[in-house]
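Student: can you look at this prediction? I've put the sequence above it.
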Amino acid sequence: MINQFTDNQNGEKKRSFRPTQLRIGEVCVNFPVVPAPMAGVTDKPYRDIVRQFGVEPTFTEMVSSEALIRKNCKTFELFNTAREEWPLVVQIFGSKPDVLANAAKIVENEGAAIIDINAGCPVKKIVRQGAGAALLKTPNTLANIITEVKRTVKLPVTLKIRSGWDKNTINAVEISKLAEDSGIDAITLHPRTATQLFGGHADWNIIKQVRKHVKLPVIGNGDIKTPEDALRMFKSTGCHAIMIGRASIGNPWIFEQIRTFFIKNEYQKPGLEEIELTGITHFEKVLEFYGPRGLPYAKTVLIRYVKYLPKARESRNTIYSLNSPEDIERFWREYFSWLKQRRNQQQLEEENIESNCS
Ligand SMILES: Cc1cc2nc3c(=O)[nH]c(=O)nc-3n(C[C@H](O)[C@H](O)[C@H](O)COP(=O)(O)O)c2cc1C
């Protein structure tokens, strides 16, 4: 990590922050701020959108190793564009070392750049199978999984964990050391326990502890909502990279804002024109990828872009009520035209106030 002093326009000294690029196997992460794997969110359309903002690598959502070895078609849809999307990280979950190893081989053959093993998902139907965060309770199984997967594929293999199963069994440091000894190539930590789900706060101090105890690249994750949070995560934990999940939903600008903030100490919010275009592009990409069956999901995607805009609730209800992509696109244009008119009107009023005051 490099801290530099730069002069801004006023001749003041401002500190810029340049995180060191990260290498995981063949994959060079030039700017180590990456999107998180998120089920129901980080599909190909989402990945295409964030890649437009210079984000690399991108992650799939978690993919079932059992479904993969049964050659389930829907499961392949989650990552079968890996070659054109290189470098794509495909995350797999399961509890059986041989099944995960076979699944990893399939993923490698499809052109993934990195395989990520999920040992953090707290969802009941996953942990009931002994997978996801349940692996934090069975370190030997986890070590066997890592060893088997590493033995089977040539690709780098990374691991994503939570801080432990519950507040009485926080073991992220032990798990990270064991993963390092088993040959893992990098580790992502979301420092909440599994029983915490998304409650409370992510305890970044645990990221700092893991960073201290292993030589592996450590990717810090959890509760980064703004560029200021991103900087704080790097500085307070010493992590090599950061990962952003929820704050990027309907807000792919967060990645660009972080990059700008690190250099200039300031960043801009996206303009209405950018939100209009990016939202509708994402909507169209969803329809292109899933076909007409994707319409209900495409509506959800679009709505995420207007969460904080005026009349968000009304526009959400209208979008849900419309039944054709054409009607939705027409409404989108009209809604943004109204927003832009409103903005221009406000600007005019502000200018008038200023000129009257001077
Ligand atoms: C809708 C949703 C789906 C998620 N799916 C996955 C997943 O498939 N695999 C995974 O490792 N984590 C998953 N996560 C957890 C995120 O990767 C991330 O660890 C968590 O959201 C904390 O980061 P954030 O505070 O930046 O959102 C999911 C989170 C959300 C909100």
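Tutor: Alright, I've got the coordinates. Numbering: from 1, shown residues only.
Student: switch to C-alpha atoms for all contacts and neighbour counts from now on
Tutor: Noted.
Student: flag every residue of the chain that's near the ligand.
Tutor: 36-39, 61-62, 118, 120-121, 160, 190, 221-224, 244-247 (C-alpha under 6 Å from any ligand atom).
Student: buried subset of these?
Tutor: Buried members of the residues of the chain next to the ligand, counted by 16 or more other C-alpha atoms under 10 Å: 36-38, 61-62, 118, 120-121, 160, 190, 221-224, 244-245, 247.
Student: now, those residues that are in strands?
Tutor: Filtering those for membership in strands, criterion DSSP state E, returns Glu61, Met62, Asn118, Lys160, His190, Asn221, Ile244.
Student: in a markdown table, list these along with pLDDT.
Tutor: Compiled in a markdown table, these are given as follows (pLDDT from 0 to 100):
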| residue | pLDDT |
| --- | --- |
| Glu61 | 98 |
| Met62 | 98 |
| Asn118 | 98 |
| Lys160 | 98 |
| His190 | 98 |
| Asn221 | 98 |
| Ile244 | 98 |
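Student: do I have it right that Ala172 meets Gly164?
Tutor: Yes: using C-alpha atoms under 8 Å, Ala172 is in contact with Gly164, at 5.9 Å.
Student: following the helix or strand Glu273 falls within, which helix or strand shows up next?
Tutor: If you go by DSSP states H and E, Glu273 is part of helix 272-290. Beyond helix 272-290 on the C-terminal side, the first helix or strand identified by DSSP H and E is helix 295-303.
Student: can you point out the buried residues in that following helix?
Tutor: Judged by neighbour count (16+ other C-alpha under 10 Å), helix 295-303 contains these buried residues: Leu295, Tyr297, Ala298, Lys299, Val301, Leu302, Ile303.
Student: from the stretch 251-358 of the chain, which residue is nearest to the ligand?
Tutor: The minimum distance from the stretch 251-358 of the chain to the ligand, using C-alpha to the nearest ligand atom, falls at Ile254 (11.1 Å).
Student: local confidence estimate at that residue?
Tutor: With respect to pLDDT, Ile254 scores 98.
Student: which helices and strands does the host helix or strand of it pack with?
Tutor: Taking DSSP H and E as the definition, one finds Ile254 inside helix 253-264. Here helix 253-264 touches strand 13-18, helix 227-237, going by 3 or more C-alpha pairs under 8 Å, 6 or more residues apart in numbering; DSSP states H and E.
Student: I would like the residues contacting it, please.
Tutor: The contact list for helix 253-264 (C-alpha atoms under 8 Å, 6 or more residues apart in numbering) reads 8, 14, 16-18, 33, 53-55, 226-228, 230-231, 247-248, 266-270.
Student: same thing with stretch 54-70?
Tutor: Applying C-alpha under 8 Å, 6+ apart, the contact partners of stretch 54-70 are 29-31, 33-44, 47, 51, 75-76, 78-79, 86-94, 99-100, 102-104, 106, 118, 255-256.
Student: those in helices, which ones?
Tutor: Among the contacts of stretch 54-70, DSSP state H puts 44, 47, 51, 75-76, 99-100, 102-104, 106, 255-256 in helices.
Student: now the buried members of those residues.
Tutor: By neighbour count, with 16+ other C-alpha under 10 Å, the ones in helices among the contacts of stretch 54-70 hold 44, 47, 51, 75-76, 99-100, 102-104, 106, 255-256 as buried.
Student: what about Pro242, how many neighbours?
Tutor: Not Pro; residue 242 is Ile. Residues within reach of Ile242, counting by other C-alpha atoms under 10 Å, total 23.
Student: need the contact list for the closest residue to the ligand within the stretch 1-150 of the chain.
Tutor: Going by C-alpha to the nearest ligand atom, the ligand is nearest to Met38 of the stretch 1-150 of the chain, at 3.2 Å. Residues in contact with Met38 (C-alpha under 8 Å, 6+ apart) are Thr60, Glu61, Met62, Gly245.
Student: once you drop chain neighbours, what's closest to the last one?
Tutor: Nearest-residue entry for Gly245: Ala36, 4.7 Å, with adjacent residues in sequence omitted and distances by C-alpha to C-alpha, 6 or more residues apart in numbering.
Student: so how far is Ile69 from that neighbour?
Tutor: Separation of Ala36 from Ile69 (C-alpha to C-alpha, to the nearest Å): 24 Å.
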